[in-house]
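>>> the sequence isn't on hand, but the structure is:
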């Protein structure tokens with residue numbers, strides 16, 4: 001799901017605008033349609049009030065609790081949306097925002113160490129409704145509400161209503177294509193099929209990168225969008241792990257990867273009122289976080305029919321899976337297992353949503369965690385970091401700077417974590433911090449020297 005709305009956290013649109021690009025969008029009337037145990041079928045409507053009415057219809061005894069929980073989410077979202085979002089590691093910017101919006105900054109500071117599950121339990125008692133909140137958070141972070149930082153949950157659970165979900169015409173791949181074109185148009189250079197194997201260090205400072213073909217590139221600053229496990233476990237040839245990275249690996253572990261199925265199906269198998277996005281957990285709440293337990297389904301052709309041949313729909317199906325489940329297999333056994341697992345997933349969707357689905361398939365391609373590891377260059381194909389135990393909100397999540405001079409990290413293993421909005425925020429933060437460090441943005445060396453140790457000290461409380 002990709003969000004293009006108005007407000008400060010509309011970072012994808014801002015990034016596109018920064019390189020002179022704009023995309024045609026299609027409004028999605030339903031952010032996600034849940035199909036959950038005990039016949040719980042809830043549409044997250046574009047209009048927040050309509051969503052509340054539908055959810056409260058299943059839990060009328062929790063009407064007040066539902067309202068109170070989501071109102072707290074809106075407090076966080078509205079505070080974020082009122083600020084100019086830049087690097088939280090840059091003290092001049094941070095203090096400037098505090099003086100302009102002290103109440104909003106204090107609100108975010110209050111929620112920084114808190115998780116969505118703890119907030120939900122202040123207002124909600126019904127165990128099935130709490131399981132629904134777990135599902136709401138799972139689609140954000142691949143963990144339950146007690147392990148999902150309140151700030152992350154609020155960004156997504158409210159942003160989908162603040163202007164709604166909007167889908168880019170031509171598919172989400174257009175986002176990357178437009179960004180790439182804009183960067184080149186503005187004088188940038190992008191090297192494709194350029195596999196980085198090493199970050200080059202000189203006097204313990206990151207100064208460049210080495211590619212698999214032997215080429216070397218040097219720069220004032222080096223930014224890695226690999227996971228922190230890949231950055232500090234594979235790309236850096238250093239024996240000593242920086243303390244910040246030790247702390248990160250103490251607090252977080254790699255999330256599972258996904259099994260992905262891309263299918264083309266005959267259009268008649270889908271009812272005319274089919275929604276674009278679905279989340280399926282049909283029989284047992286306990287399977288929410290288990291491999292192959294929950295199913296994510298996206299049907300982009302519901303919104304943009306031009307993406308598929310006439311008379312067809314595209315289905316993108318994915319479910320969490322661990323790479324260990326796919327290791328040690330011969331190519332023959334690997335292919336057999338792919339088809340067997342994919343068939344089971346399709347059978348579940350056929351039983352729950354679309355009778356006759358299997359017979360309607362005209363194209364099917366299956367990817368496993370090994371596929372994700374190979375093509376995305378992510379350790380074990382991981383979706384990102386998940387906490388070892390219930391975290392103190394986002395307190396332990398590292399920022400963009402690292403313990404290696406000249407090296408920055410960006411992406412889902414940096415603050416504020418997983419999800420499209422969060423990763424876009426990480427990129428904006430990193431760009432601002434690097435710009436300040438090379439003199440393109442205002443910076444106070446005196447404030448910076450005192451502020452960075454303070455941030456490291458605060459993270460020790462995680």
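Right, received. Where do you want to start? Since the structure is predicted, the reported quantities are computational estimates derived from the model, not experimental observations.
>>> surely residue 383 forms part of a helix?
No - Residue 383 is assigned coil when assessed by DSSP: H, G, I helix; E, B strand; the rest coil, not a helix.
>>> dump the residue contacts of it.
142, 255, 256, 257, 258, 320, 412, 418 (C-beta atoms under 8 Å, 6 or more residues apart in numbering). (C-beta placed from N, C-alpha, C; glycine too.)
>>> cool, residue 218 as well?
Neighbouring residues of residue 218 by C-beta under 8 Å, 6+ apart: 200, 207, 208.
>>> now with 7 Å, please.
Taking C-beta atoms under 7 Å, 6 or more residues apart in numbering, we find residue 218 in contact with 207, 208.
>>> ok, now residue 252?
Each residue near residue 252 by C-beta under 7 Å, 6+ apart is listed here: 385, 386, 387, 388.
>>> next secondary structure after the helix or strand harbouring the second one?
Translated: residue 386. Here residue 386 is covered by strand 385-387, with elements defined by DSSP states H and E. Remark: after strand 385-387, the chain's next helix or strand is strand 407-409, criterion DSSP H and E.
>>> what helices or strands is that next one leaning on?
For strand 407-409, the elements it packs on are strand 222-224, helix 420-437, judged by 3 or more C-beta pairs under 7 Å, 6 or more residues apart in numbering; DSSP states H and E.
>>> of the ones you listed, which is nearest residue 215?
Nearest of the helices and strands packed on strand 407-409 to residue 215, taken as C-beta to C-beta: strand 222-224 at 15.0 Å.
>>> who touches that closest one?
Under C-beta under 7 Å, 6+ apart, the answer for strand 222-224 is 199, 206, 208-209, 231, 235, 406-410, 430, 434.
>>> pLDDT below threshold where in the protein?
For the chain, the stretches with pLDDT under 70 are 1-9.
>>> would you list every one of the helices in the stretch 1-150 of the chain?
Counting by DSSP state H, counting those that start in this stretch, the stretch 1-150 of the chain has these helices, from start to end: 11-18, 48-58, 63-81, 91-100, 102-111, 116-123, 127-141, 150-159.
>>> and the angle for the last one with helix 127-141?
Counting by axes from the mean of the first three to the mean of the last three C-alpha atoms, to 10 degrees, helix 150-159 lies at 90 degrees to helix 127-141.
>>> ok, now the third one?
Counting by the same axes, to 10 degrees, helix 63-81 points 20 degrees away from the direction of helix 127-141.
>>> farthest pair in the contacts of residue 383?
Maximum pairwise distance among those (C-beta to C-beta): 15.0 Å, between 320 and 412.
>>> that older thread, how about the helices and strands packed on strand 407-409, which one is nearest residue 159?
Between residue 159 and the helices and strands packed on strand 407-409, the shortest gap by C-beta to C-beta is with helix 420-437, which sits at 6.3 Å.
>>> and the closest one, how far from the chain's centre?
Distance of helix 420-437 from its chain centroid, counting by C-alpha atoms, centre = their mean, to the nearest Å, is 15 Å.
>>> also stretch 169-182?
Centre to centre, stretch against its chain (C-alpha atoms, centre = their mean), the figure for stretch 169-182 is 18 Å.
>>> and for stretch 405-423?
Here stretch 405-423 is found 10 Å from its chain centre; the criterion is C-alpha atoms, centre = their mean.
>>> can you map out the strands along the stretch 151-300 of the chain?
All strands of the stretch 151-300 of the chain, identified by DSSP state E, counting those that start in this stretch, fall at 165-168, 196-202, 205-211, 216-218, 222-224, 252-254, 257-266, 277-280, 295-298.
>>> just to revisit the earlier point, got the helices of the stretch 1-150 of the chain as a markdown table, with distance to residue 32 and mean neighbour count columns?
A markdown table is the format used below for the helices of the stretch 1-150 of the chain (distance: least, C-beta to C-beta, whole Å; neighbours: other C-beta atoms under 10 Å):
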| stretch | distance to residue 32 | mean neighbour count |
| --- | --- | --- |
| helix 11-18 | 18 | 17 |
| helix 48-58 | 10 | 15 |
| helix 63-81 | 15 | 19 |
| helix 91-100 | 32 | 16 |
| helix 102-111 | 23 | 16 |
| helix 116-123 | 16 | 19 |
| helix 127-141 | 7 | 21 |
| helix 150-159 | 10 | 25 |
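>>> now distance to residue 217 too, for those helices, in CSV please.
Formatted as CSV, these follow (distance: least, C-beta to C-beta, whole Å):
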stretch, distance to residue 217
helix 11-18, 23
helix 48-58, 47
helix 63-81, 35
helix 91-100, 29
helix 102-111, 37
helix 116-123, 41
helix 127-141, 34
helix 150-159, 34
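>>> out of those helices, which is closest to residue 352?
helix 127-141 (14.9 Å).
>>> so for the longest helix anywhere in the chain, what gets flagged as buried?
Criterion DSSP state H: the longest helix present in the chain is helix 331-352. Residues 338, 341, 342, 345, 346, 348, 349, 350, 352 are the ones in helix 331-352 that count as buried (16 or more other C-beta atoms under 10 Å).
>>> hmm, which of the contacts of residue 252 are the buried ones?
Applying 16+ other C-beta under 10 Å to the contacts of residue 252, the neighbour count classes 385, 386, 387 as buried.
>>> just to revisit the earlier point, of the helices of the stretch 1-150 of the chain, which is nearest residue 292?
Taking C-beta to C-beta, helix 127-141 is the member of those nearest to residue 292, at 14.0 Å.
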